[in-house]
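J.: Build me a model:
(2 chains)
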Amino acid sequence: MSSEGSPEAARPSNFIRDIIIADIAAGKNDGRVHTRFPPEPNGYLHIGHAKSICLNFGLASEFNGKCNLRFDDTNPSKEETEFVNSIMEDVRWLGFEWDALFYASDYFDQLYAWAVQLIKSGNAYVCDLTSDQVRATRGTTTEPGTASPYRDRTIEENLDLFGRMRAGEFPDGTRTLRTKIDMTSPNFNMRDPVMYRILHAHHHRTGDKWCIYPMYDYTHGESDSIEGITHSICTLEFEDHRPLYDWYVENLGIHHPQQIEFDRLNVSNTLLSKRKLLLLVQKGLVSGWDDPRMPTLSGLRRRGYTPEALRTFCANVGVSKTNGVIELGLLEHFLREDLNKRALRAMAILDPLKIVITNYPADLTEPMEAVNNPADESAGTRTVPFSQVIYIENDDFREVPPKKYYRLSPGTEVRLRYAYFITCQAVIKNEAGEIVEIHCTYDPASRGGNSPDGRKVKSTIHWVSAAHGVQIEARLYDQLLLETTGDETADSDFTSQLNPQSLVIPPNAIAEPSVATAAPGTKYQFERVGYFTVDPDSTPEKPVFNRTVQLRDTWAKIDKAQQP
RNA sequence: UCCCUGGUCGUCUAAUGGUAGGACAGCGGCCUUUGACGCCGUGAACAGUGGUUCGAAUCCAUUCCGGGGAGCCA
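T.: You can find the predicted model right below:
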């Protein structure tokens, strides 16, 4: 009686999971699992963070452990409360709740005390070198660094100077507290790394209490240690920092969490550099951090992505140490899979072509019954008004149909979804030779779209009654960057790589009346067009829809392949 | 050049010395009142070279290729 797990429950194995399983088996940390998600509040979370969030929270819940949210707020010049709030909102939106909330700044006093301890044990010293001088004496990849002339100050002098640094006696940049490790280490991180720098800056939480701030390397391991973290999961670029992480917790003699590095998430056609995203916002090239074209969680949310789709995606991309790029198509696959289950169906026309049904009574309106979601019977049905003049999608008519074109063309018969079979009788053009409307006849026996005598049509197309349809603003999004790779373009000119078509709003879009009053966030599948989500800008007078993702389009592929 | 780290279908990933599997993408078909969804089928990979072994994607050596590293950023 083995129960079949759902696809999402079948967790792909990964090396971090294996480490944890082995640790539990070995009784390490008394079998405890405690992780943490440690963002710096200097920007909005993006899809890359989602992988880390899902990993940390997912591992904790899988092994009955805990996961903290901790803000790594050691650099006040970049951090803001706005960002901490958005990060909390986004983590919750993704579907996770932290066991405890901390800030690295909670530990500033403890960190200071430990720094004093390291000075007293002869492991740290105050250095008067400027940052340029430090750089010049750090050595190169092939040459060792040289010792700072201040390296052998007495403990008393170091204590005195460090105290005065804290007291605000020295201007920014004039001194640092450095760890005395090894200037000849092949690992630059071990060449007497800076622990504290002087920064007379207002901190979003500690205000003006401090004018010296601890560096990431000095802060992170100890913060993990204080919280009893067992597995400190971070991205690959911190591999070279691990010896230093280990050095601090060992020399302080405190709980030693294990740092494990995994590969950062990269998605094709997607910009995931926080700094570049910041630039887009600052330059006004997007409407904000939650612009639906942004890969931020708030942007994806507004665009219509669901947390479920994001979680399934993260669970399926794998965790390894390879620097890979996931195809955007995989994300879109899981998105469509989820949206297909939950989105209400409706009919909307992005690029309308007028159809007059010449044998249909001009004064008649019929309510046609349409199903709300074929994937979910409980979603029920609705009624869509039908009348003599309707709009169809311009793409659904060709005066000269190419091979394999099944839709409307002169003389052909198609089904109007949930309505009638119609046959194209005439193409009406203006003096310029442009098509202005199509005249069709309908078969009254085909009401509801049912084949009256068993005859087949090759195509079913969607429609909106001209007299009843509502004007909508449909915001059609495409990738933000022209190039196929995301982060490689030099920062200086990556903005020139922006896709001018990343947002297109067709001028005459129209939808069936039922969608007009939907609340922001409501998800629709406009049949045969794509998935759309009601934007917060929406009003009953002017409904606004964001195209979340297109439907797969086999015809577009055939059509393209047929082009000369 | 030095240190760290990694190379498995187009992409991502599994295998833990014993039949190279899955997902997405592709292709072909079935189904269809969405050219959607679904279903079925199919092509496609162990970076190279030596070695150890009855047996190597897996262990060893070496070559090649990629990623990261010299912030008082995280």
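
J.: Name the residues of stretch A:106-126 that are buried.
T.: Counting neighbours by 16 or more other C-beta atoms under 10 Å, one finds that the buried residues in stretch A:106-126 are A:106-108, A:111-112, A:114-116, A:118-119, A:123-126. Placement of C-beta: from N, CA and C, glycine included.

J.: So of the residues you listed, which two are at opposite extremes in space?
T.: Maximum pairwise distance among the buried residues of stretch A:106-126 (C-beta to C-beta): 26.6 Å, between A:106 and A:125.

J.: Low-confidence ranges, chain A, go.
T.: For chain A, the stretches flagged by pLDDT under 70 are A:1-12, A:483-493, A:564.

J.: swap the cut-off to 90 and go again
T.: Across chain A, residues meeting the criterion (pLDDT under 90) sit at A:1-13, A:451-452, A:481-498, A:562-564.

J.: Tell me where it has helices.
T.: A:15-25, A:47-62, A:81-94, A:108-120, A:131-137, A:155-166, A:216-226, A:242-252, A:274-282, A:297-303, A:307-317, A:328-342, A:554-562 (DSSP state H).

J.: can stretch A:209-218 be found next to RNA strand B?
T.: Yes - Stretch A:209-218 is in contact with RNA strand B by C-beta under 7 Å from any atom of the strand, via A:213, A:215, A:216, A:217.

J.: and that stretch, how far apart are its ends?
T.: This stretch, stretch A:209-218, spans 19 Å end to end (C-alpha to C-alpha, to the nearest Å).

J.: Equivalent analysis for stretch A:384-392, please.
T.: Its first and final residues considered, stretch A:384-392 spans 15 Å by C-alpha to C-alpha.

J.: which parts of it are buried?
T.: Those buried within stretch A:384-392 under the rule 16+ other C-beta under 10 Å are A:384, A:385, A:386, A:387, A:388, A:390, A:391, A:392.

J.: Make TSV from these and add distance to RNA strand B to it.
T.: Listed next are those as TSV, based on distance: C-beta to the nearest atom of the strand, whole Å:
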residue	distance to RNA strand B
A:384	11
A:385	16
A:386	12
A:387	17
A:388	19
A:390	14
A:391	16
A:392	11
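
J.: With respect to residue A:527, which of those is nearest?
T.: For the buried residues of stretch A:384-392, the residue nearest residue A:527 by C-beta to C-beta is residue A:384; the value is 11.0 Å.

J.: got a list of what the closest one touches?
T.: By C-beta atoms under 8 Å, 6 or more residues apart in numbering, the contact set of residue A:384 is A:347, A:367, A:368, A:369, A:370, A:418, A:465, A:512, A:514.

J.: if you look at those, which of them are in strands?
T.: Among the contacts of residue A:384, the members found in strands (DSSP state E) are A:367, A:368, A:369, A:370, A:465.

J.: coming back round to it: show me which of the buried residues of stretch A:106-126 is closest to residue A:86.
T.: Nearest to residue A:86 among those is residue A:106, at 20.1 Å by C-beta to C-beta.

J.: what's the spacing between the closest one and residue A:344?
T.: Between residue A:106 and residue A:344 the computed distance is 46 Å (C-beta to C-beta, to the nearest Å).

J.: can you check residue A:121 too?
T.: When distance is defined by C-beta to C-beta, residue A:121 is 66 Å away from residue A:344.

J.: Residue A:231 too?
T.: According to C-beta to C-beta, residue A:231 stands 42 Å off from residue A:344.

J.: who in the stretch 51-200 of chain A is up against RNA strand B?
T.: By C-beta under 7 Å from any atom of the strand, the residues of the stretch 51-200 of chain A that approach RNA strand B are A:72, A:74-75, A:78, A:129-131, A:134-135, A:138-142, A:172-176, A:186-189, A:193-194, A:197-199.
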